[in-house]
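**Q** Sequence plus the predicted model coming up.
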Amino acid sequence: MIEINIPRQMPHLWQKQLLALALIEQMIGNYVLFAEVSGQGDSKVFRNIIDLVWQQLLGHSVKVDWQKQRGKLEEICPDPERFDGYGVWPALDASTALSELITLLDENDTEGLESVIKTYYSTIEQFLDAHDLDVADNQRALYEEADNLIDKLLTVFSVEAKQVSAVKAIKEIVRSQTVSNIGIENRTL
């Protein structure tokens, strides 16, 4: 298991929320593929919740009932008891991370970021284990990509002091990622 280093240089709650959102945005391909292959879940609802977070962090005057959004997410959350395939797990991880972000938004729970980061990395670890890949090379490559993404995002925080500028810059970075944290194509919804 890789050691997770939670970034400490983010003094503002919105920065923690934004980093969590960016990681979830990169995991969306995992959910979308599961929904397409299984015919279960709803990628549009998943995307809509993510878009609501972007809008709120951009300062748009949207009033969001996060408990209602959590209920919608729970309705589309993959159930591993109903599916045998591996794909249910990364989709469940993406849903779990989004649920943690909702908690972070709704309750200002700063521990939510730690949970999102751990889920993000554990998805990679589980992918490597499930596919019995050459752990040394593949693990290093996937973890390096994840670390590089987080480093890019943290660099934005050090350059962009204003929330709206940081949100726009980070949104551009994560939307330019062509694959998820485990190499699944990130399709535009």
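**A** Nice, I can see it. Source: prediction; values computed, not measured. Numbers count the residues shown, from 1 in each chain.
**Q** going forward, measure contacts and count neighbours with C-alpha atoms only.
**A** OK.
**Q** Tell me the helix or strand right after the helix or strand of the chain with the lowest mean pLDDT.
**A** The least trusted helix or strand in the chain, going by mean pLDDT, DSSP states H and E, turns out to be helix 135-159, with a mean of 80. Where DSSP states H and E defines the elements, the next helix or strand beyond helix 135-159 is helix 163-175.
**Q** what comes into contact with that following helix?
**A** Applying C-alpha atoms under 8 Å, 6 or more residues apart in numbering, the contact partners of helix 163-175 are 14-15, 18, 22-23, 25-26, 54, 57-59, 153, 156-157, 160.
**Q** Low-confidence stretches in this structure?
**A** 1-9, 132-139, 188-189 (pLDDT under 70).
**Q** Assumed G59 was part of a helix.
**A** No: G59: not assigned to a helix; according to DSSP: H, G, I helix; E, B strand; the rest coil it is coil.
**Q** If we ignore the residues flanking it in sequence, what's nearest it?
**A** Using C-alpha to C-alpha, 6 or more residues apart in numbering and skipping residues adjacent in sequence, the residue nearest G59 is V164, 7.1 Å away.
**Q** what's the answer for F34, then?
**A** G87 (5.6 Å).
**Q** Now for the nearest residue to N30 once chain neighbours are set aside: which residues touch it?
**A** Excluding the flanking residues, the one nearest N30 by C-alpha to C-alpha, 6+ apart is A91, at 5.2 Å. The contact partners of A91, by C-alpha under 8 Å, 6+ apart, come to 30-32, 34, 77-78.
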